[in-house]
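> structure of the sequence below:
(one chain, ligands or ions: 3)
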Amino acid sequence: MVKVPFGQGDTPRNGYVVSVSDEAPIEADKIKEILSVVSVQAMGEGIGIALAGWMCSRYGSTMLSALKIVFPDLGKRKPAVRKEIELAVDREEAEGLLQEFARRHNTARARLLSALLELERQPRSLITGKLGISSTVIKSLSEQGVIRIVDSEELRDPVRVDGEEYSAFYGLGARLSDEQEEAVRQVTEDAVNRRHSVSLLFGITGSGKTEVYISAIREVVRAGRQAIVLIPEISLTYQTLLRFYRHFGNRVSVIHSMLSPAERADQFERARRGEIDVMIGPRSALFTPFKDPGIIVIDEEHENSYKNEAMPRYHARETAAELARLHDAALLLGSATPSVETYDRCMKGEYRLFRLTRRLTGQDLPDVHVIDLRRELKEGNRSVFSRDLARAIQDRLDRGEQCMLFLNRRGYLGAMTCRSCGTVFKCPHCDVSLVLHRDGRLHCHYCGYSAPSPKTCPECGSPYIAGFKAGTEQVEKAVKEMFPAARTLRMDGDTTRKKDSYDRILQSFSQHEADILVGTQMIVKGHDFPGVTLVGILLADLSLYASDFRASERTFQLLTQAAGRAGRRQMPGEVFIQTYKPDHYAIRYASGQDYESFYEEEMKYRSLMGYPPSSHLMGIQIQASSEDDGEALAGEIFMAVTAAADPEDNILGPSKAAIGRMRDLYRYVVYIKSRDYDRLEKYREISEEVFKAGGPAAGELYLQFDLDPVQGF
Ligand code: ADP
Ligand code: ZN
Ligand code: ZN
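Ligands and ions are numbered 1, 2, ... in the order given. All right, here's what the predicted structure looks like:
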């Protein structure tokens with residue numbers, strides 16, 4: 001990044017040097033001098049710039065916004081003193097105190113002590129961040145002489161364990177299984193020999209994926225290359241971090257949203273200087289400026305959070321594949337419920353597939369019961385709990401075990417369904433759910449089709465037609481009415497708005513301070529609650545009726561994950577899935593944990609309807625402060641693209657976006673289905689020309705593209 005004199009007034013502006021040439025395309029006397037060099041990037045031989053160029057052409061953003069993602073401007077770095085916390089008493093005394101704190105219900109203190117007993121010295125940021133311990137508790141314990149706060153100037157080993165703990169794992173007689181060994185061997189061979197490859201590690205929770213990541217990374221690091229590990233922020237638990245810290249000591253770092261910008265900048269600086277080998281973090285960790293990354297791991301590769309929902313709308317999985325290609329590196333994707341896209345590539349032989357078929361933690365998968373809510377309704381039960389589920393909850397409460405009740409509202413916007421037969425009203429052209437708008441009509445968000453909302457069900461004639469209104473709050477209320485003695489906790493967007501509250505609710509539940517946890521999808525991500533033996537999914541249909549083509553896939557993933565939460569240790573688990581659509585394939589196959597059958601069935605739908613991965617779907621979104629301008633521009637773009645379109649391609653719209661108005665901007669969309677990526681680029685150029693030719697609009701007017709959307713516009 002350089003500072004240059006820009007424009008007539010020579011205002012100093014930052015700019016990027018993306019290439020160097022001996023000849024100027026303009027006259028020599030018009031050339032100005034660079035004022036200064038702002039920062040020098042180290043991401044190998046122009047690879048970062050190549051990556052930005054790829055992002056900008058793939059996702060239709062400007063070069064500048066792509067460069068800003070690849071080379072984030074993290075501001076000035078202040079040399080930081082790193083605070084660490086260590087035990088100041090011996091282990092025996094600490095264990096005594098731990099029991100004392102637990103008995104007096106000083107949960108924060110107990111949490112801190114048990115963490116320090118696991119590892120005697122840890123970064124303060126980890127303790128206040130992921131562990132959710134307040135400064136007051138830290139201060140008071142240090143005044144009592146139980147812990148010590150230490151400043152360390154050089155960035156030294158934050159946990160002071162490295163090789164020994166690792167060998168302790170093997171020392172206990174545990175070896176990698178043959179399946180794990182094979183995956184590690186092939187992936188590391190590629191990485192060490194600079195052969196680009198993409199592999200999927202497909203195995204349920206507890207099948208040993210993380211152990212494969214760690215072993216592979218060790219080999220790659222030993223060969224002198226670095227590693228990037230992407231984990232969705234919501235699954236980046238303290239336990240997972242600690243596992244990596246144990247193996248890589250001070251050569252590993254993490255970025256997450258709890259870090260200040262200066263702390264983030266520090267971590268990137270450490271990578272640039274070669275002080276670390278492994279970076280862990282969410283999407284943005286992909287742009288860690290390592291000199292020569294040899295392996296990129298993406299855990300939970302199916303997660304939506306890997307898609308950036310602002311320009312450039314890049315997908316971290318695809319971008320990682322491109323980055324790995326540029327670096328001759330291996331990309332290793334891991335999931336218990338792979339995205340249909342990734343699995344499809346495995347089936348086509350483009351990606352390598354490794355399966356981990358056993359749970360290494362020893363216990364069986366839970367028993368899954370599918371409950372037909374139509375039947376409950378017929379027999380007069382209108383409560384949120386079926387009779388079977390209510391009985392099962394009571395049973396757990398009597399035995400002192402824990403339950404999780406889960407409402408998968410993600411993506412749900414207000415589909416209309418028949419409560420008697422389960423029919424959902426779908427667009428006849430796009431086969432996605434229609435959504436009820438305030439005009440009383442049902443609308444399709446892809447093609448703009450609309451129809452009046454029916455008064456009775458066209459399938460069975462029932463008058464019970466409704467949207468689903470229940471939220472987590474109502475569920476919590478219903479729990480309290482039906483089980484007044486139960487202690488409940490609720491976790492959703494409202495209760496986790498405050499920093500750290502998310503971790504605190506999880507901690508509190510895992511220490512059995514409540515019997516029932518009610519929540520949205522955020523409760524099903526990668527947390528291990530040993531006391532939970534019952535998981536209830538109150539209305540599986542909610543995510544099924546999301547108005548986009550990924551609804552079934554998302555439902556399958558959520559149900560499978562939720563089922564994986566029950567009975568994780570010694571106690572066997574039970575799962576209840578309540579639904580109006582017990583025969584839907586996503587629900588049937590999720591209850592049998594049968595991914596392959598789900599994939600087969602889902603691919604039939606995708607190819608029939610021309611949705612990814614069998615075809616590309618590109619969204620074009622117009623945002624305008626004036627409704628008329630937006631609608632007009634959307635119409636013009638639709639016409640221009642249609643006029644130039646290949647007969648094989650499908651142009652849908654123009655239509656109001658799913659969220660028709662946001663921050664005072666009206667939003668319109670046009671969708672294009674095409675198998676041919678080059679043609680999509682052409683349509684994008686045409687749209688841009690129409691947009692530019694429109695001349696100055698009365699107010700704000702924006703144009704955005706979204707390739708193979710995850711959330712939809
Ligand atoms: P995943 O990432 O697929 O959920 P993990 O790697 O966390 O699975 O493994 C689950 C549990 O099994 C962990 O406690 C881990 O230490 C243990 N484990 C992993 N691999 C082995 C192995 N080869 N032998 C014994 N235990 C293992
Ligand atoms: Zn009906
Ligand atoms: Zn439609």
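
> any idea how many residues pack against residue 249?
Residue 249: 18 surrounding residues under other CB atoms under 10 Å. The C-beta positions use only the backbone N, C-alpha and C, and glycine is treated the same way.

> ranges for the strands of the stretch 551-700 of the chain?
For the stretch 551-700 of the chain, applying DSSP state E, counting those that start in this stretch gives strands covering 574-579, 616-624, 650-662, 665-674.

> residue 366 contacts residue 574, doesn't it?
Yes: if you go by CB atoms under 8 Å, residue 366 and residue 574 touch, sitting 5.8 Å apart.

> bridged to the nearest residue to residue 630 once chain neighbours are set aside, which residues?
If the residues on either side of it in the chain are set aside, residue 630 comes closest to residue 624, at 3.3 Å by CB to CB, 6 or more residues apart in numbering. Note on residue 624: beta-bridge partners by DSSP bridges are residue 666, residue 701.

> which secondary element of the chain has the worst mean pLDDT?
Lowest by mean pLDDT, DSSP states H and E among the helices and strands of the chain is helix 163-171, with a mean of 44.

> state the mean pLDDT of whatever helix or strand comes next after it.
Using DSSP states H and E, the helix or strand that follows helix 163-171 in sequence is helix 178-192. The average of the pLDDT scores along helix 178-192 is 96.

> can you list the strands that the next helix or strand after helix 178-192 pairs with?
On the C-terminal side of helix 178-192, the closest following helix or strand by DSSP H and E is strand 197-203. In the sheet, strand 197-203 lines up against strand 330-335 (parallel), strand 352-356 (parallel) (DSSP bridges).

> redo those strands as JSON lines? Include mean neighbour count.
Below are those laid out as JSON lines (neighbours: other CB atoms under 10 Å):
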{"stretch": "strand 330-335", "mean neighbour count": "27"}
{"stretch": "strand 352-356", "mean neighbour count": "18"}
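
> how about those in a markdown table, adding mean pLDDT and distance to residue 232?
Below are those laid out as a markdown table (pLDDT from 0 to 100; distance: least, CB to CB, whole Å):
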| stretch | mean pLDDT | distance to residue 232 |
| --- | --- | --- |
| strand 330-335 | 98 | 11 |
| strand 352-356 | 97 | 20 |
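
> now the ones you listed as TSV including distance to residue 558?
Putting the strands paired with strand 197-203 into TSV (distance: least, CB to CB, whole Å) gives the following:
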stretch	distance to residue 558
strand 330-335	13
strand 352-356	21
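
> which stretch among these approaches ligand 2 most closely?
strand 330-335 (35.8 Å; CB to the ion).

> which phi and psi does whichever residue of the stretch 251-400 of the chain sits closest to ligand 3 have?
When scored by CB to the ion, the stretch 251-400 of the chain has residue 340 as its residue closest to ligand 3, at 20.4 Å. Per-residue torsions, residue 340: phi -60, psi -40 (degrees, to the nearest 10).

> residue 136 and residue 50, how far apart?
49 Å (CB to CB, to the nearest Å).

> same thing with residue 91?
Distance from residue 91 to residue 50, by CB to CB: 52 Å.

> neighbour-wise, which of the two wins?
Taking neighbours as other CB under 10 Å, residue 91 and residue 50 compare with residue 50 leading, 18 against 11.

> excluding chain neighbours, what is closest to the residue nearest to the spatial centre of the chain?
Nearest residue to the geometric centre of the chain (CA atoms, centre = their mean): residue 305, 2.9 Å. Distances taken as CB to CB, 6+ apart put residue 232 closest to residue 305, at 4.7 Å, once the chain neighbours are dropped.

> what sits against the one you found?
282, 299-300, 303, 305-306, 525 (CB atoms under 8 Å, 6 or more residues apart in numbering).

> farthest pair in the residues you listed?
Across those, no pair lies farther apart than 306 and 525, at 13.6 Å, counting by CB to CB.

> these two - which one has more neighbours?
residue 306 (23 against 20).

> so what pLDDT did the nearest residue to the more buried one once chain neighbours are set aside get?
Among residues not flanking residue 306 along the chain, residue 316 sits closest, at 4.0 Å (CB to CB, 6+ apart). Per-residue confidence (pLDDT) for residue 316: 97.

> correct me, but residue 316 touches residue 287?
No: contact criterion CB under 8 Å: residue 316 and residue 287 do not qualify, at 9.9 Å.

> need the residues of this structure near ligand 3, please.
Proximity of the chain to ligand 3, by CB under 5 Å from the ion, involves residues 427, 429-430, 444, 446-447, 449.
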